[in-house]
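A.B. asks: One predicted model, sequence on top.
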Amino acid sequence: GSQTSFRGIQEDCKKLIDGLRVKLKEDFERVDNKNLQLTQIGLLLQLGENPTILSNEILQLTSQRLHDELINLQDQTERDMMEFVDLGIENFLNDLIALSSVYYEMFIAKHFESEPDTFQDISREKLNEFVTSNIALYLNLVHERVDHETENGDCRILLRALDRLNRRLCAMKDFNGVKISSTAMQLILHSIQQFSQKQYRQLKDSFNEKLSSLRLTLVTTVKNNGDSATNLNQLIDALYENTIEKVKNVLQELAIFLNPEWSFNIKTDRKGMLCVEAIRDQVLITFLRYASSTMTSFSSINSSSPSN
C-alpha cells in the first residue's frame with residue numbers, strides 16, 4: 001500500500017515537473033519575450049532538460065528574434081543614417097550581446113557531467129558562428145543603406161553614423177571569449193569609394209555643362225559677327241577657373257574622411273591608404289585626363305565633337 005502511495009506521489013511530482021518545464025519553455029519562446037533570463041535556463045537544466053538540445057533550441061530561438069529585428073530595421077526608410085545606426089545598436093547589437101552572454105554563461109562557462117568533454121568547445125564554436133553570421137547579416141543591411149545614403153544623403157551624417165557603429169563594434173571585439181573581427185572599416189572604405197565615384201560624376205557633368213555653354217556662346221558670337229577670338233579667351237579662362245574651383249571643392253569634401261576625430265584612422269590603416277590613393281587616381285587624375293582629352297579633341301580637325 002505504501003509503495004503504491006509513494007508511486008502515486010512520484011508520478012504526481014513528475015507531472016508537476018514536466019508541466020513546469022513546459023511552462024518555462026513556453027515563456028521564453030514567446031515572440032514578445034525578448035528577455036532571455038539565466039534563471040529560466042538554469043531552472044530548465046535543473047528540471048532535466050538536455051543541455052545539448054536546449055542550447056541548440058536557444059540559438060534557433062534567438063536567431064529568429066534577431067531576424068525579426070533586422071526586418072524591422074530594414075523598414076526604417078524614413079530615418080536618417082544616424083537614427084538608423086542608433087536603432088541597430090540599441091535593438092540588434094545590444095540584443096545580440098545580451099543573448100550571447102546568456103548562452104556563454106549557461107553552456108560554456110559551466111561544466112556538465114552528463115555531457116561529453118567536447119561539449120564546451122562545441123558550444124563555443126556554435127556561439128562564434130552564431131555571432132559572426134548575425135554580425136554579417138547586420139553589416140550587409142548597413143552596406144545597402146550606405147549605398148543609398150552615399151547617393152542621396154549627407155556625407156557628414158553618414159560618417160558620424162559609421163564612426164559610432166565602428167566604436168560599438170570595436171567594443172565588441174572580445175566579449176566572453178568570443179572573437180569579433182568584423183568592424184565598420186570595410187563599410188567606411190566602401191562609402192569612400194562610392195562617394196568618390198559620385199564626386200567624379202558631378203565633376204565631369206559640371207565640366208561638360210560649362211563646355212556646352214562655352215560652345216553655344218561661341219556659335220552665337222560668330223552669328224552676331226562678334227570678336228570670337230577675344231570672347232574665346234575669356235570663356236576659356238572662365239572654364240578654367242570654374243573647373244579649378246570645382247576640383248578644390250571635391251577634394252575638400254573628400255578630406256572629411258581623414259578627420260582625426262573619427263574612431264577609424266584611414267591614414268594608419270593599410271587598406272585605408274590604398275583607398276586614399278585610389279581616390280586620387282579615380283577622382284583627380286581620371287578627371288584631369290578626361291578634361292585634357294576633351295579639350296585636345298577640339299584641336300584635331302578630324303576628331304568628332306565630344307558628347308555632352
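C.D. replies: Ah, there it is. Note that the coordinates shown come from a computational prediction; the quantities given were computed from them, not determined experimentally. Numbering: from 1, shown residues only.
A.B. asks: In the stretch 51-200 of the chain, where is pLDDT below threshold?
C.D. replies: Applying pLDDT under 70 to the stretch 51-200 of the chain flags residues 174-183.
A.B. asks: ok, now with 80
C.D. replies: 153, 173-185 (pLDDT under 80).
A.B. asks: Where do the strands of it begin and end?
C.D. replies: For the stretch 51-200 of the chain, the strands defined by DSSP state E, counting those that start in this stretch cover 174-175, 178-179.
A.B. asks: do the same with the stretch 201-308 of the chain
C.D. replies: Secondary structure of the stretch 201-308 of the chain (DSSP E, counting those that start in this stretch): no strands present.
A.B. asks: count of residues packed around L45?
C.D. replies: Neighbour count for L45, taken as other C-beta atoms under 10 Å: 18. C-betas here are computed from N, CA, C, even on glycine.
A.B. asks: Work out for me the element it sits within.
C.D. replies: According to DSSP states H and E, L45 maps onto helix 38-46.
A.B. asks: From the chain's centroid, how far away is that helix?
C.D. replies: 35 Å (C-alpha atoms, centre = their mean, to the nearest Å).
A.B. asks: which outside residues touch it?
C.D. replies: Helix 38-46 is contacted from outside by 20-21, 24-25, 27-28, 51, 54, 58, 102, 105-106, using C-beta atoms under 8 Å, 6 or more residues apart in numbering.
A.B. asks: One more pass at 10 Å, please.
C.D. replies: 17, 20-21, 24-25, 27-28, 33, 37, 49-51, 54-55, 57-58, 101-103, 105-107, 110, 112, 114 (C-beta atoms under 10 Å, 6 or more residues apart in numbering).
A.B. asks: now S213: how far from F84?
C.D. replies: Here S213 is placed at a distance of 40 Å from F84 (C-beta to C-beta, to the nearest Å).
A.B. asks: between these two, which one's more packed in?
C.D. replies: F84 (22 against 15).
A.B. asks: looking at it, the more buried one is touching N91, isn't it?
C.D. replies: No - using C-beta atoms under 10 Å as the test, F84 is too far from N91 to be in contact (11.1 Å).
A.B. asks: Now do the shared contacts for the two.
C.D. replies: L73.
A.B. asks: The nearest residue to N56 once chain neighbours are set aside: how many residues sit nearby?
C.D. replies: Using C-beta to C-beta, 6 or more residues apart in numbering and skipping residues adjacent in sequence, the residue nearest N56 is K126, 7.8 Å away. Residue neighbour count, defined by other C-beta under 10 Å, stands at 16 for K126.
A.B. asks: And for W262?
C.D. replies: 17.
A.B. asks: Report the contact partners of L141.
C.D. replies: Counting by C-beta under 10 Å, 6+ apart, L141 has contacts 70-71, 73-74, 84, 88, 92.
A.B. asks: ok now do the residue lying closest to E69 once chain neighbours are set aside, which residues does it touch?
C.D. replies: What sits nearest to E69 in space, not counting adjacent residues and going by C-beta to C-beta, 6+ apart, is F92, at 4.6 Å. Counting by C-beta under 10 Å, 6+ apart, F92 touches 65-66, 68-70, 72-73, 134-135, 137-138, 141.
A.B. asks: Apply 7 Å and report the result again.
C.D. replies: F92 makes contact with 66, 69-70, 73, 138 under the criterion C-beta atoms under 7 Å, 6 or more residues apart in numbering.
A.B. asks: likewise S191?
C.D. replies: Counting by C-beta under 7 Å, 6+ apart, S191 touches 146, 150, 158, 162.
A.B. asks: Report the rounded mean pLDDT for stretch 294-308.
C.D. replies: Stretch 294-308 shows a mean pLDDT of 60.
A.B. asks: can I assume T286 is in contact with Y200?
C.D. replies: Yes - contact criterion C-beta atoms under 7 Å: T286 and Y200 qualify, at 6.4 Å.
A.B. asks: Break down this protein into its helices, ranges please.
C.D. replies: For the chain, the helices defined by DSSP state H cover 2-29, 38-46, 51-74, 81-87, 94-107, 119-152, 155-171, 185-223, 228-254, 270-279, 286-297.
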